[in-house]
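Asker: predicted model, plus sequence, below.
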Amino acid sequence: MVKKLHYLTTFPEIIEAYFKYSIPGRAVNSGLVDFNIVNLRDFTTDKHRTTDDTPYGGGPGMVMKISPILSAIDALRLPQNSATILLTPKGSLLQQDLLKELSEKDQLVFLCGHYEGMDERIDLYAHYAVSIGDYVIGGGEIASLVMSDGIIRLLKNVLGNESSAEQDSFSHGVLDYPQYTKPRIYDELEVPEVLCSGHHKNIMRYRRKESLKWTLLLRPDLLKKIKLSQEDIKMLKEIKIEIQTFIMDNIDE
């Protein structure tokens, strides 16, 4: 089934550029993904095609009006297995599990806010309110494309190798292991010997241990959220000893 993505925006050019290149472009050209850009100005009723207005109670900036947004959603006539997503700093922080959940929907609608955001009442009409991080960007278009990129790569037959998405960072709750390619030696920097050994079992263990090591060093919070095997626990103990040894060996006497 073709995945259809709708974008409700006042800046359609941002979305158009995204689907011209790389994996999203190939997904569209292969008929695996379809996208629809809805210009909210087409659903306004005044001659100036106004999509925003001043906030009640005063204050700086402009707020996007609710009427054009709801009219645009109604016009889509969405099937049952669809979801409307509001991109907002007040939403739940984007996680890989949510991307996987959304990848199973037939159609998705991204509500791309701008200025000081959308009229608060639009929240009642969204199935999900999502934030891509604790920082400020100019509008929801970029946030919607971040989500789209994560969703598209999870779709069947989109990637050249289906296992690529399964091995990505966060897909199994930990960071991905380091990757190398030719040449084997560059400026005296060598690819780890185990990766050139052809010993599949040793390579798998090395990669798992590296994933655990970098997760421990960079995102230890993730380790609290996953179920670790006995072998994982054993490797983490090895890693901690190796880190302590490295520190002690490199302390200036």
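Answerer: Structure's in. What do you need? Residues are numbered from 1 along each chain as shown.
Asker: which stretches of the protein have low pLDDT?
Answerer: 1, 161-171, 252-253 (pLDDT under 70).
Asker: need the longest strand for it.
Answerer: Among the segments of the chain that qualify as a strand by DSSP state E, the longest is strand 82-93.
Asker: partners of that one in the sheet?
Answerer: For strand 82-93, sheet partners with direction are given as strand 107-111 (parallel), strand 128-131 (parallel), following DSSP bridges.
Asker: now those as a markdown table including mean neighbour count and distance to residue 205?
Answerer: Where you see a C-beta, it was placed from the backbone N, CA and C, and this is true even at glycine. Shown next, in a markdown table, are the strands paired with strand 82-93 (neighbours: other C-beta atoms under 10 Å; distance: least, C-beta to C-beta, whole Å):
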| stretch | mean neighbour count | distance to residue 205 |
| --- | --- | --- |
| strand 107-111 | 24 | 39 |
| strand 128-131 | 19 | 36 |
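Asker: quick one, which of those is nearest to residue 158?
Answerer: When the strands paired with strand 82-93 are compared by C-beta to C-beta, strand 107-111 sits nearest residue 158, at 15.0 Å.
Asker: distance between the longest strand of the chain and the chain's centre?
Answerer: On the basis of C-alpha atoms, centre = their mean, to the nearest Å, the separation between the geometric centre of strand 82-93 and that of its chain is 12 Å.
Asker: I'd like the strands paired with strand 82-93 as JSON lines, with distance to residue 58 appended.
Answerer: Formatted as JSON lines, those follow (distance: least, C-beta to C-beta, whole Å):
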{"stretch": "strand 107-111", "distance to residue 58": "25"}
{"stretch": "strand 128-131", "distance to residue 58": "25"}
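Asker: all strands of the stretch 151-253 of the chain, in order?
Answerer: Listed in chain order, the strands of the stretch 151-253 of the chain (DSSP state E, counting those that start in this stretch) span 185-186, 189-190.
Asker: cool, the stretch 1-150 of the chain as well?
Answerer: For the stretch 1-150 of the chain, strands defined by DSSP E, counting those that start in this stretch occupy the ranges 3-9, 33-39, 52-53, 63-64, 82-93, 107-111, 128-131.
Asker: can I get stretch 153-160 in PDB? Just the C-alpha atoms.
Answerer: These are the backbone C-alpha positions of stretch 153-160, laid out as PDB (Å, rounded to 0.1, in the frame of the first residue of the first chain):
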ATOM      1  CA  ARG A 153      13.100   4.800   5.800                       C
ATOM      2  CA  LEU A 154      11.000   2.300   7.900                       C
ATOM      3  CA  LEU A 155       8.700   1.500   5.000                       C
ATOM      4  CA  LYS A 156       9.100  -1.800   3.300                       C
ATOM      5  CA  ASN A 157      11.200  -1.800   0.100                       C
ATOM      6  CA  VAL A 158      12.300   1.800   0.500                       C
ATOM      7  CA  LEU A 159      15.900   1.100   1.500                       C
ATOM      8  CA  GLY A 160      18.100  -1.000  -0.800                       C
END
